[in-house]
Structure formats: structure tokens, C-alpha cells
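Engineer: Show me the folded form of this:
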Amino acid sequence: MSGSDRDGRGYLAGAAFALAAGTMWSFGGITVRLAPSSDSWQYLVWRAIGLLVATEAWSLMRGQGLLLARFLRGSWIDLVAATALAMAAITFVFALKATSIANANFLASITPLISMMLALPILGEKLSLVSVAAIGLGIAGLVVMVGGDFGHGSLLGDLGALGSSVAFAVYSICVRLDPKRDFTAAIPACAVIQIVVCAAVTLSAGRPLVTPPQDMAMALLHGAVFIGLGIPLFNLAAPRVPAVGLVVLAQTETVLAPLWGYLFLGETPAVTTLAGGGLILSGVILTAIAGARSASTGRGGPVQN
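Structural biologist: Take a look at the predicted model:
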């Protein structure tokens, strides 16, 4: 078999892994909806428990030991990365509880554009004209989507989704600050942070940690399976698919999540949601193109997630 054949098959395998990861993540909105008796904090406690168990089990199965032990030997950047991931998870689940699945996913997908804007002052990366155009498309999409929600009671959910994008962009900046560091241990660490914070908020509000069985099952399924398996699948894709391809393939989650909401829950996205989401996705794809061009010329490109 020639080298080109092996490379081609490797790329196809990587693309399949990336698409599978995005598909796994896209079911998160369904599990949140199927846990109606839990608020965001209660749901997050059990989702984080599922994620913690799944990631540590995966690491032990691969003979890599406990990831939390590795995290405790890390530095400040590991703590910032884990905290950013925890905040991204908390605000995204809040968004799913407060707004439509389509809104939450479209607004959360703006992360690559926010990463580009943060990379300018923190990493000193300059914005190309293509990058500026991508950011402009993303902002236009935000205006259309958020503007369409005035008077519909879901603006707090939109803000939660945007907060999730900002938090994950901070995580991506941490990765760019130390690209040789392995941030895998930040995943179970972010789960522990979620458990501590969300359990404290739940108990202080006088609400029980133990929720109805269906709610707990949905949260555990979300954390252990949809996220816990999605992350290894995405990690398998990363070395086989160029960053530009990963950005585009990762949008499987953004496209499929509203579809599942429509098919299984009867959630019909508003026209403004679809229009604004289309603009945001266009901006994200344009971001990937800008990153590919920067990489080919030897310049630092935008952060890919």
C-alpha cells in the first residue's frame, strides 16, 4: 500500500472519529430536556460525576494512571484551564435549561471567533482580513439571534451560551500558551470543580442532591457516554485530520443538536435562530479557512477547538 493510500485512509478514519464525536455531543440537549425535575446545578452534579468516572476509567484502561493525580502535579495554567472548562460546562447547561437547543448550540459555536479576538492581546496574533470578516459574520449572527429573542424570555439562556463560548475560548488560549503540555488531566479536574461548586449551590439553596431516578440517569448518561466517549473520539481524530478540518467537522454537533430537538422534542427553531445560526456557522468556517492560510504561510492562525 502506498503512503498516499495510508494517508487517505488515515484522514477518512480521523474524519469519521470527528463526526462521531460531534454526533455524541449533539445529544446533550436531549438529556437535559429529559431531566425536567432538576435545575442546572443538580443536573451538573450528576453529569460531572459521570464524566469523572468515564475519563478516569478510560485513563486506567490505557494504563496511564489516575488523571487527577497528574493534575495535582501541574501548574497554574492547568488550574486555569480546568476552571475555564468547568465554567463552560456550567453556563452551557444553564443555557440549555433556559433557551432552545438550537439557540444554545449556535451561540456556543462562536468559540473559534472569540478565541481569535482573545489571541490578539494575549498571544499577539494579528487578525487578517479574512479573520475580521469571519468575526463580522459572527457578530451579525449574534445580533440577529439575540434580537429575535427580545420579549421571549430566553435572553438569559442566550447569555449563558455566550458565556460558555468565552470560557471555552479561555481554555483554548491556555492550550496555545503551552502547546507542548498535555491538558487531558484538566477534564476530570473540571468535573471535580463542577461537583464542588454545583453541590455547594444546590445545598445552600435547600435543594436535594439526589434527584428523581430519570433525571440522574439522564445526567449520568450525558457525562459518561455523550461527553465521556465524545472526547476520546475527538482526540483520536486530532492527529489524523488537519485543524481546519476539525473545526468544520466539529460543527456536526451544532447542526445535529437542533435537528434532534425538532425530531424528538418538537422544538422548532425560530427563523431568526436559523438565520443568525447560519451567519455564525459561516463565520466559523471562514475562521477555519483563515487558520489554514496562516498555517501554510508560517504565521500563527486562530485557535482551533
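Engineer: Give the closest residue to L156 in space, chain neighbours not counted.
Structural biologist: Once flanking residues are discounted, L156 sits nearest to A98: 5.2 Å by Cβ to Cβ, 6 or more residues apart in numbering. Bear in mind the C-beta positions are built from the backbone N, C-alpha and C, glycine included.
Engineer: what about that neighbour, how many neighbours?
Structural biologist: 19 (other Cβ atoms under 10 Å).
Engineer: Tell me the spacing between it and L155.
Structural biologist: Using Cβ to Cβ, to the nearest Å, A98 is found at 9 Å from L155.
Engineer: do V143 as well
Structural biologist: 13 Å.
Engineer: Is L142 in contact with A108, as I believe?
Structural biologist: No. Assessed by Cβ atoms under 8 Å, L142 is found out of contact with A108, at 11.7 Å.
Engineer: ok, those two, which is more surrounded?
Structural biologist: Legend: neighbour count by other Cβ under 10 Å for L142 and A108, higher for A108 (25 against 21).
Engineer: residues in contact with the more buried one?
Structural biologist: Applying Cβ atoms under 8 Å, 6 or more residues apart in numbering to A108 gives the contacts F92, A95, A161, L162, S164, S165, F168, T254.
Engineer: As a markdown table, those residues with pLDDT would be great.
Structural biologist: Listed next are the contacts of A108 as a markdown table, based on pLDDT from 0 to 100:
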| residue | pLDDT |
| --- | --- |
| F92 | 95 |
| A95 | 94 |
| A161 | 92 |
| L162 | 92 |
| S164 | 93 |
| S165 | 92 |
| F168 | 89 |
| T254 | 88 |
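Engineer: Considering those residues, which possesses the most neighbours?
Structural biologist: Tallying neighbours with other Cβ under 10 Å puts A95 at the head of the contacts of A108, with 30 neighbours.
Engineer: Find the residue ranges of the stretch 151-300 of the chain scoring beneath the pLDDT cut-off.
Structural biologist: Applying pLDDT under 70 to the stretch 151-300 of the chain picks out residues 151-153, 242-247, 290-300.
Engineer: Please repeat the previous calculation with a cut-off of 90.
Structural biologist: Applying pLDDT under 90 to the stretch 151-300 of the chain flags residues 151-158, 168, 172, 175-183, 229-255, 269-273, 276-277, 280-300.
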